[in-house]
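In: Compute the structure for the input listed below.
(one chain, ligands or ions: 1)
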Amino acid sequence: MRLTSALAAAAAGVAGAVVAGSGYLASRPEVRTAFREDLETVRRRDPAATNDLVTVLGAPGLHAVWAHRGLHRLWQRPGGRVPARLLSQAVRTLTGVEIHPGARIGRRFFIDHAHGVVIGETTEIGDDVMLYHQVTLGGTSQEPGKRHPTIGNDVLIGAGAKVIGPVHVGDGSSIGANAVVVKDVPADSIAVGVPATVKHPVERPHGGQWELTDPAIWI
Ligand SMILES: CC(C)(COP(=O)(O)OP(=O)(O)OC[C@H]1O[C@@H](n2cnc3c(N)ncnc32)[C@H](O)[C@@H]1OP(=O)(O)O)[C@@H](O)C(=O)NCCC(=O)NCCS
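Out: Take a look at the predicted model:
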């Protein structure tokens, strides 16, 4: 009986959230556009993502990014910093992704596998950036002020990579899995190793846009 009531309450909660969510989307065209863009990004980059409903319900990287957009707005409001910070910790618990609400993130940001990603307060991320799990965009200084990386547009950062300090990763670059980046990376380069060194310019197919595939085909 208790289980039935709990399931009914959960179903009512989910239904309420869906109704509230659709109402919110209907009233905010820019949110609706970003939502569509995010789903299109996942569909384009992940051949396994054939069902938008499954993506909406089952992609923790997307959930973390959606939560961050709201929390970043809250962070910028007077008195919003403490609740934004506390809520971002709740999002970390639910998704395994810790994004400081002060971080500035561009459009069509995609975190695949999601777990273990940490993005610090003064990080800036351009458009069309993709991260895999266990990436850290972190600081090296205890001093306040800009202390986290700036990531350009069209950047790919492989699983386990750490980009630390106020370094700049140029547009179109690619950071190898498990690299530790402590110096600027020029545009259109591949940086690999510990500490990361630049191998050679990236050959970018598909007219300059990364064609990202589901990593499930590699593992
Ligand atoms: C960095 C990366 C994007 C480069 O891919 P690419 O453009 O196809 O380049 P290549 O594979 O030709 O590698 C270029 C050079 O970097 C080296 N390299 C590539 N990735 C490396 C890595 N993670 N660590 C060390 N060296 C690496 C290659 O050995 C090669 O060296 P060489 O020029 O001396 O032969 C890719 O290797 C990578 O790490 N992608 C992330 C994948 C990932 O995280 N997957 C998670 C799946 S769950």
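In: Do you know the pLDDT at residue 160?
Out: pLDDT recorded at residue 160 is 98.
In: What sits closest to the residue nearest the centre of the chain if chain neighbours are left out?
Out: Geometric centre of the chain, nearest residue: residue 111, 4.4 Å, by CA atoms, centre = their mean. Counting by CB to CB, 6 or more residues apart in numbering, residue 61 is the residue found nearest to residue 111 once chain neighbours are left out, at 3.3 Å. In short, each C-beta sits where N, CA and C put it, glycine included.
In: My understanding was that that neighbour contacts residue 110; is that so?
Out: Yes: assessed by CB atoms under 8 Å, residue 61 is found in contact with residue 110 at 6.6 Å.
In: Near residue 109, how many other residues are there?
Out: Residues lying near residue 109 (other CB atoms under 10 Å) number 24.
In: Just to check, it is in contact with residue 65?
Out: Yes: using CB under 8 Å, residue 109 is in contact with residue 65, at 5.5 Å.
In: which residues are in contact with stretch 177-196?
Out: 132, 140, 149, 152, 158-165, 167-176, 197-202, 204 (CB atoms under 8 Å, 6 or more residues apart in numbering).
In: touching the ligand at all, it?
Out: Yes: using CB under 6 Å from any ligand atom, we find that stretch 177-196 touches the ligand at 177-178, 190, 192-193.
In: in which helix or strand would I find residue 147?
Out: Residue 147 is part of no helix or strand when elements are defined by DSSP states H and E.
In: list the contacts for it?
Out: So residue 147 contacts 120-122, 139-141, 165-166 (CB under 8 Å, 6+ apart).
In: Filter these down to the buried ones.
Out: For the contacts of residue 147, a burial check counting by 16 or more other CB atoms under 10 Å picks out 120-122, 139, 165-166.
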